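> Predicted model and sequence follow; I will ask about them next.
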Amino acid sequence: MITITITDMTTREAVAVLQHFQAVHQVKETEAQVDGPATAPTQTVPTQPTASVPVTPVTPVPTAPPPTFSRGQIMTAGAALVSAGKQAELIALLHTFGVQAVTQIPDAQLGAFATEMRKIGAAI
């Protein structure tokens, strides 16, 4: 309920004001009936079609082949280990490869043997 208090107006002026409010109210009711109930405006977000992106196959980066070691390099590094007091570790390493001397190591295992020698201190 709305209460309106009118002061400092003649009756005619008050009636004119009330008629104006009534007319405005009727227009708004008509708009509401045509448009339906007032709802919050909605915003439609346009969707963009997804573009197909060409997929480039990944080419593996070439890596350097593992270093190869000659039997002579391994024997020289082994001699340095013996001089450094690591003869026991070197003999244990030979045994893990199932051999008693560097000359018995298969060529395919020379690189792995050199890597293990580094772990016990060889400069190879």
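Now that the structure is in, tell me what you want to look at.

> From here on, just use CA atoms for contacts and neighbour counts.
Fine.

> Check the secondary structure at residue 57 for me.
coil (DSSP: H, G, I helix; E, B strand; the rest coil).

> Tell me, how many residues neighbour it?
6 (other C-alpha atoms under 10 Å).

> The one 5 residues further on now?
As a burial measure, residue 62 scores 6 neighbours (other C-alpha under 10 Å).

> Residue 116 too?
Residue 116 is surrounded by 15 other residues when neighbours are defined as other C-alpha under 10 Å.

> what ranges of this protein fall below the confidence cut-off?
Residues of the chain meeting the criterion pLDDT under 70: 1-7, 9, 14-18, 20-21, 23-51, 66.

> Domain ranges for it, per the record?
1-36, 71-119 (automatic domain parsing).

> residues touching residue 114, list them.
The contact partners of residue 114, taken as C-alpha atoms under 8 Å, 6 or more residues apart in numbering, are 69, 74, 124.
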